[in-house]
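> Structure, please.
(chains A, B and C)
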Amino acid sequence: MKIQEEKNKVIVENLKDFEPKHIFECGQCFRWNKEEDHSYTGVVMGKILNIKKENNVVHFNNTNLQEFHTIWYHYFDLERDYTKIKNELRKIDDYLKNAVEFGEGIRILQQDPWETLISFIISANNNIPRIKRGIEKICKNYGEEIGEFRGKKYYSFPTIKKMNRLSEENLRGCETGFRALYIKDTTFILSSDEEYIYKFKNLNTDMCKKELLQFSGVGPKVADCIMLFSMGKYDVFPVDVWVKKVMEEFYLKEEMSLNKIREYGIHKFGMLSGFAQQYLFYYARELGIGKK
DNA sequence: ACCCAGGGTCGTC
DNA sequence: GACGACCCTGGG
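Purely as a prediction, here's the structure:
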């Protein structure tokens, strides 16, 4: 890996296991959007970043070397050896081998727990375009304007304090539907101690999940996603309709409850469950596996 | 026009 | 544990 700094950008050569399309379209994040030049632009920690990969060179645009080391290196989970993880998963069977091959450039982002919590509450019984629109409206209406990139304005995700001032109607106005009340209740609980949610990653997986399940709008699936995408818990196996389909198709050969499938996944994949889930989810959703 | 599904959760039984 | 309701859009 070779890192160079240029004017308002950082260029990284030979960055292993890093494919923007796989990272941003595997369903873990909702605020990254594809540009006309096939790069991706997103907002993280109140900063606008643009990522473009060509010829095995990754361009981190609209940033500098200092931010690369203090923010992006951690956010993109660059300290982790995904080659090793993929080799372990490939050994399991041909299904995993194919899924890993298909999403070979996936990395599980280290996202913000607060933003991830609200985002996945919105995700319940919802479709991805609408989830993205809802989050974007919340940011545009109630976040801070943080700057412009390629002629477009960008907004940060609202703080807990700001969100706590919103009414149910304000939130419904952001296309969140019946989830507005869940967001309001959850935000109210967090507003008494804004650091509370940031301490969860220090808990073990079981305790962490127990804490998360207390929030309204957070059930087993949403809790697993929050832990996997923002709290560094990898011994979780979020089961949604896609993972259900792909697991029934590949392994179970019969209908099974979500909870049974989750237990099966964790038993089968152990400490790598979260990674296996992401490769399988991306594979299933992109190929429409199990679609009638 | 109509119906079903969507990265599920909640309340009730 | 099983069941229906839930706000509202996308897609057939």
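
> C-alpha from now on. contacts and neighbour counts both.
Noted.

> buried residues in stretch A:215-229?
A:215-218, A:220-229 (16 or more other C-alpha atoms under 10 Å).

> quick one: the strands in the stretch 101-250 of chain A?
A:145-149, A:152-155 (DSSP state E, counting those that start in this stretch).

> In helices, which of the buried residues of stretch A:215-229 appear?
Among the buried residues of stretch A:215-229, DSSP state H puts A:Pro220, A:Lys221, A:Val222, A:Ala223, A:Asp224, A:Cys225, A:Ile226, A:Met227, A:Leu228, A:Phe229 in helices.

> Also within reach of DNA strand B: list those from those residues.
Residues of those in contact with DNA strand B (C-alpha under 7 Å from any atom of the strand): A:Pro220, A:Lys221, A:Val222, A:Ala223, A:Cys225.

> Settle this for me: the first one is touching A:Leu213, isn't it.
Read that as A:Pro220. Yes. Under the criterion of C-alpha atoms under 8 Å, A:Pro220 makes contact with A:Leu213 at 7.0 Å.

> close enough to count as contact, A:Ile266 and A:Pro238?
No. A:Ile266 is not in contact with A:Pro238 according to C-alpha under 8 Å; the separation is 9.7 Å.

> who has more neighbours, these two?
Shown here are A:Ile266 and A:Pro238; by other C-alpha atoms under 10 Å, A:Pro238 has more neighbours (26 against 20).

> re earlier: what's the farthest-apart pair in the ones next to DNA strand B among the ones in helices among the buried residues of stretch A:215-229?
The most widely separated members of these are A:Pro220 and A:Cys225, with 8.8 Å between them, by C-alpha to C-alpha.

> Are there residues contacting both of those two? Which ones?
Residues touching both A:Pro220 and A:Cys225 by C-alpha atoms under 8 Å, 6 or more residues apart in numbering: A:Pro238.

> A:Ile3: neighbouring residues, count only.
Using other C-alpha under 10 Å, A:Ile3 has 14 neighbouring residues.

> Give me the phi and psi for it.
Reported as degrees, to the nearest 10, the phi and psi values for A:Ile3 are phi -110, psi 130.

> Might you enumerate the residues of the stretch 1-150 of chain A proximal to DNA strand B?
Checking the stretch 1-150 of chain A against DNA strand B by C-alpha under 7 Å from any atom of the strand, the hits are A:Cys26, A:Gly27, A:Gln28, A:Cys29, A:Ile121, A:Ser123, A:Ala124, A:Asn125, A:Asn126, A:Asn127, A:Ile128, A:Pro129.
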